[in-house]
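K.L.:
Turn this into a structure:
(one chain, ligands or ions: 4)
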Amino acid sequence: MSVDREVRPGTFPEFDPDDRSSNPSGNRPFRDVLAARVSRRDVLRGGTVVAAASFLGAAGVLGQAGQAVAAPSPTSGRRRPLLGFPPVPTSSADALTVPDGYVAQVLIPWGTPIRSSGPAWRKDASNTAAEQARQIGMHHDGMHFFPLGHGRTGNRRGLLVLNHEYTDRTILYADGDAVMTQEKVNKALAAHGVSVVAIALVDGSWQRVDSRFNRRITGTTPMRFSGPVRASHPALQANNPPMGTLNNCSHGVTPWGTYLACEENWNGYFGTEDSSWEPTPEQARYGVSAAGFDYRWHLVDPRFDVAVNPNELNRFGWMTEIDPFKPNSRPVKRTALGRIKHESATFTESRGRVVVYSGDDQDGDYLYKYVSSAPWRRLRAQGKSPLDHGTLYVARFDDDGTGRWLPLRFGTGPLTAANGWQDQADVLLRTRLAADAVGATPLDRPEWVAVHPNNDVYVTLTNGTSGPTPVNPRDPNPYGHIIRWREQSGDNTATTFAWDIFVLAGDPAYDPSVQLDEEDIFGSPDGLWFDPDGRLWIQTDISNSSQNLASRGYDRIANNQMLAANPATRDIRRFLVGPRGCEITGVITTPDQRTMFINVQHPGEATTAWGTPTPENPRAVSNWPDFDPAGRPRSATVVIRKRDGGVIGT
Ligand code: FEO
Ligand code: CA
Ligand code: CA
Ligand code: CA
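P.N.:
Ligands and ions are numbered 1, 2, ... in the order given. I've put the predicted structure just below:
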């Protein structure tokens, strides 16, 4: 692709978001809403404060929000700073950098045996599919730490549960993927899914340890279906049993201690050589195509041939609930939460009910929320899953700084039999089309959602270009932004809210509307998490066709990174920079906040700036973390600690 066009400040070259829109609904894009609310002069004056008036004004109406400025130290009782670390400069080095005073340690890279008796990783990628199924998968993403034990014990030992989003075909196979075989499909399937692995702090460093909980869930693990789309539903009858979870990007954690793996770009695994095959309107709305994402699994495995086995598609796009403490339990796809390209499943509670926020990460798609029908404890006491009984909503953002959650409920609004909707299962199987019908607001690729301790909710819009809108200075929007909203009366089950732009990401050298200082510049925010003190952690996923490139306005931002923000002051500070070709994703701490875990995903992937790895030289872009002259780059978890043993971020 062309990368050599001249870039003038304030303009962008041809822009290539990871996902092109597949939304033909004509619903009014969020950029139009922004344009209507914000004059260009206001934007140029200060992009980060453009929408603040209505949001802060609403605070008086909706109730005063708590302001996160500092948190009491659990040990001293003194206030501790939200952002106390020295900022890390941008970097294009093939290295992981943390602030002075911090140390980073690599843990469970791709291929690590999940038990000490397991097959060792082979640096020439010659491990078999059967061996891969007993090793940590590839491309670590969403992640949670479940303490094993209470108090101090739980800060030193726990279950790390993490997603493996996808596979890099050049790195995964010793001879690349020019020739596709069933063994290669099997190895890729075994490298996907989720890992559950016990870890412990031993002699000052974190290590994988054996436990009865350690297991892999892959693209072939047997699955259950629950909620309105039952396993017996005709749309779920395929040529193979229900199995596997794929493209697990971000995640969620339930208050009852289970883990949700979201299924994001599942459409890309399917394809066909049948030239007479054409996608149905519904399949097209989900981006299903004959070529898929060029995985070419369908060439050898008819499970992934959309012309041969079309209903297999309907088994993906869900949230998969996994109980890490029941190693023999079968994961469950919770259909009441909808079928989209789920990115994150962020839980909060209000009036005893669970509220689950999720983005549908595609250019021009929507933001969703699920609310259980009753307090979750009551439902569970009745033997019911709170994730099977509830209402799914989609967000509409209005011009005046308010918004509304629109229910996706059969029989409500346009979702009637007269309009061709059969029942609630039909609404959920075709969630995107139902959201189109009710008038949801298209957004620039909603990714992670984070809930502040004061119940305000934030979402990353990683980047996008959902249509020409001349008045919008962020069209296209290659840098992304973060928006936030406050639900009516601070009740996260409410159906109305007030919203605001938290920050426009980018580099002011290319876009004068960006109000970030040199030490804060970043782009394409993706991972987002509030720690218990109210520190907002922001992780970036600049696409590899833009990373490090002046022609994309991304040379000064350089490698992907993680930053921390004070939501009250909007101070943002860079905390970490990753190696070449990676994204930074996944973030959690131990309960005492003195150990942080993050993931470095796809280091060494082909990038326009650094080149393309080959089977002969898989190290063309990066050789992180091993730097073995005969090895290859590996996704890995990174453990970050403060040298003085303090809380991360202070
Ligand atoms: Fe897998 Fe939307 O990032
Ligand atoms: Ca992501
Ligand atoms: Ca990515
Ligand atoms: Ca992403």
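K.L.:
Looks to me like Arg380 is in a helix.
P.N.:
Yes. Per DSSP: H, G, I helix; E, B strand; the rest coil, Arg380 lies within a helix segment.
K.L.:
Any idea which helix or strand in the chain has the lowest mean pLDDT?
P.N.:
When each helix and strand of the chain is scored by mean pLDDT, DSSP states H and E, helix 40-45 comes last, with a mean of 32.
K.L.:
Distance check, the residue sitting furthest away from the middle of the chain against Asp426.
P.N.:
Most distant from the centre of the chain: Ala418, at 36.4 Å, with distances by Cα atoms, centre = their mean. From Ala418 across to Asp426, the span is 13 Å (Cβ to Cβ, to the nearest Å). Any C-beta I mention is one placed from the backbone N, CA and C, and that applies to glycine too.
K.L.:
Could I get the pLDDT score of Thr612?
P.N.:
Listed pLDDT for Thr612 reads 97.
K.L.:
Repeat that for Glu14.
P.N.:
43.
K.L.:
Pull out the buried positions in stretch 268-284.
P.N.:
Neighbour counts over stretch 268-284 (16 or more other Cβ atoms under 10 Å) mark 268-272, 277, 279, 283 as buried.
K.L.:
May I have it as CSV, with CA atoms only?
P.N.:
Extracted in CSV, the C-alpha atoms of stretch 268-284 (Å, rounded to 0.1, in the frame of the first residue of the first chain):
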residue,chain,number,x,y,z
GLY,A,268,-12.1,-13.6,9.3
TYR,A,269,-11.6,-17.4,9.9
PHE,A,270,-14.3,-18.4,7.4
GLY,A,271,-14.1,-18.5,3.6
THR,A,272,-14.9,-20.6,0.6
GLU,A,273,-13.6,-21.5,-2.8
ASP,A,274,-17.2,-21.9,-4.1
SER,A,275,-17.5,-19.1,-6.7
SER,A,276,-21.3,-19.3,-6.6
TRP,A,277,-21.4,-18.5,-2.9
GLU,A,278,-22.6,-15.0,-1.9
PRO,A,279,-23.0,-13.7,1.6
THR,A,280,-26.6,-13.2,2.9
PRO,A,281,-27.3,-9.6,4.0
GLU,A,282,-26.8,-10.7,7.6
GLN,A,283,-23.5,-12.3,6.8
ALA,A,284,-22.3,-9.2,4.9
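K.L.:
what does this structure put close to ligand 2?
P.N.:
For the chain, the contact set with ligand 2 under Cβ under 5 Å from the ion comprises 249, 526.
K.L.:
For the stretch 151-300 of the chain, give the residue positioned nearest to ligand 2.
P.N.:
Nearest to ligand 2 in the stretch 151-300 of the chain, going by Cβ to the ion, is Cys249, at a distance of 4.5 Å.
K.L.:
quick one, what contacts that residue?
P.N.:
141-142, 163, 165, 262, 264-265, 342-344, 361, 585 (Cβ atoms under 8 Å, 6 or more residues apart in numbering).
K.L.:
Keep these, but drop any that are not near ligand 1.
P.N.:
Near ligand 1, taking Cβ under 6 Å from any ligand atom as the test, the members of those found are 165, 264, 343, 361.
K.L.:
any idea where the strands of the stretch 301-450 of the chain begin and end?
P.N.:
319-322, 332-334, 342-350, 353-360, 363-365, 367-372, 390-397, 402-407, 443-444, 446-451 (DSSP state E, counting those that start in this stretch).
K.L.:
For the ones you listed, state which one has the densest average packing.
P.N.:
Highest mean neighbour count of the strands of the stretch 301-450 of the chain: strand 443-444, a mean of 29 (counted as mean count of other Cβ atoms under 10 Å).
K.L.:
For Asp399, report the pLDDT, please.
P.N.:
Asp399 carries a pLDDT score of 80 in this model.
K.L.:
now swap in the one 10 residues further on and tell me
P.N.:
With respect to pLDDT, Arg409 scores 98.
K.L.:
Hmm, it is touching Leu415, no?
P.N.:
Yes. At 6.6 Å, Arg409 counts as touching Leu415 under the criterion of Cβ atoms under 8 Å.
K.L.:
hey, what's in contact with both of those two?
P.N.:
Val427.
K.L.:
Compare neighbour counts for these two and give me the winner.
P.N.:
The residue with more neighbours, out of Arg409 and Leu415, is Leu415; 22 against 15, by other Cβ atoms under 10 Å.
K.L.:
Excluding residues flanking it in the chain, which one is nearest that one?
P.N.:
Leaving aside its sequence neighbours, Leu415 sits nearest to Trp421 (Cβ to Cβ, 6 or more residues apart in numbering; 4.9 Å).
K.L.:
now swap in Phe530 and tell me
P.N.:
Closest residue to Phe530 apart from its sequence neighbours, by Cβ to Cβ, 6+ apart: Ala450 at 4.8 Å.
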